[in-house]
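Visitor: pasting a predicted model and its sequence here:
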Amino acid sequence: MKKIGLVAALLSLYLLVAGASDTTHATTITPTFTVSLSNASAGANSNINYDYVVDSPDALEAIHVSFIPSEFGVADDASVPTGAGVGGIAVTTVESHSNGSCSVSPFLSYDLYDATTNTLNVLADDPRLPAATWPGFADADLNGLADAIDKYPNFLNTLYPGITPRARAFGSVDSAIGFVDRAVNVLTFEPGTTLPGLGALDPALGYPVVVIVQDPTAPALPGLVTDQCTLFRHLREDRGLTRDNINTAANEAGFVNRTNPAIDATPTFLEYAQTVRDQDGDGIENTLDSCPYDSTPTWNPRGSDPVNDFDADGIPNICDPTPTTANSDEDGDLFLNRQDNCPIVANGAGQDNQADSDSDGIGDMCDVVVTAPDGHLHEVCVTQDVVVGAGGTPTAPTCPEVVLDEDGDGFDRLTEEHIGTDPEDPCGTSAWPADIVSVGPPDTLNKVNIVDLQSYILPVRRLNTSLGDPDFDVRWDIVPGPGFFGEDINIEDLQKMVFVMPPILEGPRAFNGPTCPYP
């Protein structure tokens, strides 16, 4: 699925932090947070309550990892009885149903129960979520616990191969409440864990926490929910002491789950988020954009927009083959337009079933580059100091910067900011650092060849110049600074020009290589 599959799958729920926020750089999301302790005393087994909001029209998040400062005590799986009540999540989200506008806003409240982290005690994935008959909803051994609590869902092993969480919690709501059957898994990892897609995380950040909604690995299926949009609001509680599970014979109450720092302190909570990519730079993320290669900044994808979508079918006029004739499934592949990751080229079950090899929210059938994600993304961190007892000196965790090359053109953001190219656009003389010249024979627009190389010496000799020299121009300093050489623009810049292998092209070197495939 385009939206409910990718976004709900990758979207992580959010812990912590209140008040002031700090971003690494410009972002399309500006979340707000509050956090409170039920008991702020040092050493207390306090409940921690979090309120996280991303308002419309901010972008959806593809990845979100929260960090519990290591000064806090976080119980491991062995310390808490399986099935004990460890907290809850209440979720307000806005959805599109049956190709309508984003106007359905269910309030979903999940009770969270301690669940096994035994990755070898596997729960089968057949049938897959969101099927009501998913094995995780059943209680095969009649012990009062859903089998997703007693066993470890196989899709979590797929997502985190070879990694055992420190703790896991599970919750669910049925279709009578949530329109479709839904499940969440809250995974808490040891500080410094290497997570897929994020690499090794600094142990100083604390315990990484992610929440997996539904089954991210499940094949796409046509369904009721055809889109997800901001606003998102998540209210979360981590209990200091567990509560009893009334469905079981045992009494699971009173076990330690969270503990404040043992001494007066001001620990710092940090959250890392990464947005869904936006290929055409119109401010509409790919998973929400039915027209991802044609910029439509004035189109409102979340509601009714008769100016930009005459027939209200979820595809803006600029790329709608039948802009005045409503057709909720333009390509006839049984995936409705707002759900379809390729709405005008059939890619349903009879073709490739919404295959999206690079997980950029654009189906392979209409993806310009199938082997690398299309579009730029943004990373954001928010931090907050929380006073425990009389407080202390706050820590200062460093925000992870996971994606250094946000537009995938082979040059990281800091380099592009140095030379003045656009770090969010992969092509063009003002965007692709290697494409210095785009005029004159032979045509070099969005292509790197001898003309770009010659520009280091003709018509002005930029080579072997530095800041302060009359012929110096930072645009030619594509490997910033002098490096091993005496001048800022030197042989390293030429070597980068010749040998750079932009990820957007998945391997071919830029020099005398393919034309950049993006407009």
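Guide: Cool, the structure landed. Numbers count the residues shown, from 1 in each chain.
Visitor: use CA for all of it now, contacts and neighbours both
Guide: Will do.
Visitor: can you give me the strands in the stretch 201-350 of the chain?
Guide: 207-213, 225-243, 258-259, 268-275 (DSSP state E, counting those that start in this stretch).
Visitor: let's have those in TSV, adding distance to Val80 and mean pLDDT.
Guide: As requested, the strands of the stretch 201-350 of the chain are exported to TSV (distance: least, Cα to Cα, whole Å; pLDDT from 0 to 100):
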stretch	distance to Val80	mean pLDDT
strand 207-213	17	93
strand 225-243	8	91
strand 258-259	11	98
strand 268-275	24	89
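Visitor: can you say which of those is nearest to Tyr113?
Guide: Within those, the stretch nearest Tyr113 is strand 225-243; the backing value is 9.2 Å (Cα to Cα).
Visitor: which outside residues touch stretch 53-69?
Guide: 7, 10-16, 28-33, 204-210, 229-234, 267-276, 283-285 (Cα atoms under 8 Å, 6 or more residues apart in numbering).
Visitor: quick one, which of those are buried?
Guide: 7, 10-16, 28-33, 204-210, 229-234, 267-276, 283-285 (16 or more other Cα atoms under 10 Å).
Visitor: so which of the strands of the stretch 201-350 of the chain is nearest Ala312?
Guide: Among these, the nearest to Ala312 by Cα to Cα is strand 225-243 (14.4 Å).
Visitor: so Gln384 makes contact with Thr266?
Guide: No - counting by Cα atoms under 8 Å, Gln384 sits too far from Thr266 to count as a contact (9.5 Å).
Visitor: more neighbours: which of those two?
Guide: Gln384 (24 against 20; other Cα atoms under 10 Å).
Visitor: what's the first helix or strand after the helix or strand where that one lies?
Guide: Gln384 belongs to strand 379-385 when assigned by DSSP states H and E. Counting by DSSP H and E, the next helix or strand C-terminal to strand 379-385 is helix 413-419.
Visitor: contacting residues for Arg277?
Guide: Glu285, Asn286, Asp360, Gly361, Pro373, Asp374, Gly375, His376, Leu377, His378.
Visitor: could you find the closest non-adjacent residue to the third one?
Guide: Of all residues beyond its chain neighbours, the one nearest Asp360 is Pro373 (4.9 Å), with distances taken as Cα to Cα, 6 or more residues apart in numbering.
Visitor: wait, that neighbour sits on Asp364?
Guide: No - contact between Pro373 and Asp364 fails when scored by Cα under 8 Å: they sit 10.6 Å apart.
Visitor: format the strands of the stretch 201-350 of the chain as JSON lines; extra columns: distance to Gln351.
Guide: As requested, the strands of the stretch 201-350 of the chain are exported to JSON lines (distance: least, Cα to Cα, whole Å):
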{"stretch": "strand 207-213", "distance to Gln351": "27"}
{"stretch": "strand 225-243", "distance to Gln351": "19"}
{"stretch": "strand 258-259", "distance to Gln351": "49"}
{"stretch": "strand 268-275", "distance to Gln351": "29"}
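Visitor: scan the contacts of Arg277 and report the most crowded one.
Guide: Of all the contacts of Arg277, Gly361 has the most neighbours under the rule other Cα under 10 Å, reaching 33 neighbours.
Visitor: name the residues that touch the top helix by length along the chain?
Guide: Counting residues, the longest helix found in the chain (DSSP state H) is helix 491-499. The contact list for helix 491-499 (Cα under 8 Å, 6+ apart) reads Ala434, Leu453, Leu463, Trp476, Asp477, Ile478, Val479, Gly483, Arg509, Ala510, Phe511.
Visitor: any chance of those in JSON lines with secondary structure as columns?
Guide: Formatted as JSON lines, the contacts of helix 491-499 follow (DSSP: H, G, I helix; E, B strand; the rest coil):
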{"residue": "Ala434", "secondary structure": "coil"}
{"residue": "Leu453", "secondary structure": "helix"}
{"residue": "Leu463", "secondary structure": "coil"}
{"residue": "Trp476", "secondary structure": "helix"}
{"residue": "Asp477", "secondary structure": "coil"}
{"residue": "Ile478", "secondary structure": "coil"}
{"residue": "Val479", "secondary structure": "coil"}
{"residue": "Gly483", "secondary structure": "coil"}
{"residue": "Arg509", "secondary structure": "coil"}
{"residue": "Ala510", "secondary structure": "coil"}
{"residue": "Phe511", "secondary structure": "strand"}
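Visitor: can you say which of the residues you listed are buried?
Guide: Applying 16+ other Cα under 10 Å to the contacts of helix 491-499, the neighbour count classes Ala434, Leu453, Leu463, Trp476, Asp477, Ile478, Val479, Arg509, Ala510, Phe511 as buried.
Visitor: need the max-distance pair from the residues you listed.
Guide: For these, the farthest-apart pair by Cα to Cα is Leu463 and Arg509; their separation is 21.9 Å.
Visitor: can you report phi and psi for Phe310?
Guide: Here is the backbone geometry of Phe310 (degrees, to the nearest 10): phi -50, psi -50.
Visitor: give me the neighbour count for it.
Guide: Counted with other Cα under 10 Å, residues neighbouring Phe310 total 19.
Visitor: Asn308 is in contact with Thr324, correct?
Guide: No - contact criterion Cα under 8 Å: Thr324 and Asn308 do not qualify, at 11.0 Å.
Visitor: quick one: which of these two has more around it?
Guide: Each of Thr324 and Asn308 has its neighbours counted (other Cα under 10 Å); Asn308 has more, 19 against 13.
Visitor: contacting residues around Gly281?
Guide: Ser295, Gly375, His376.
Visitor: against His378, how distant is it?
Guide: According to Cα to Cα, to the nearest Å, Gly281 stands 12 Å off from His378.
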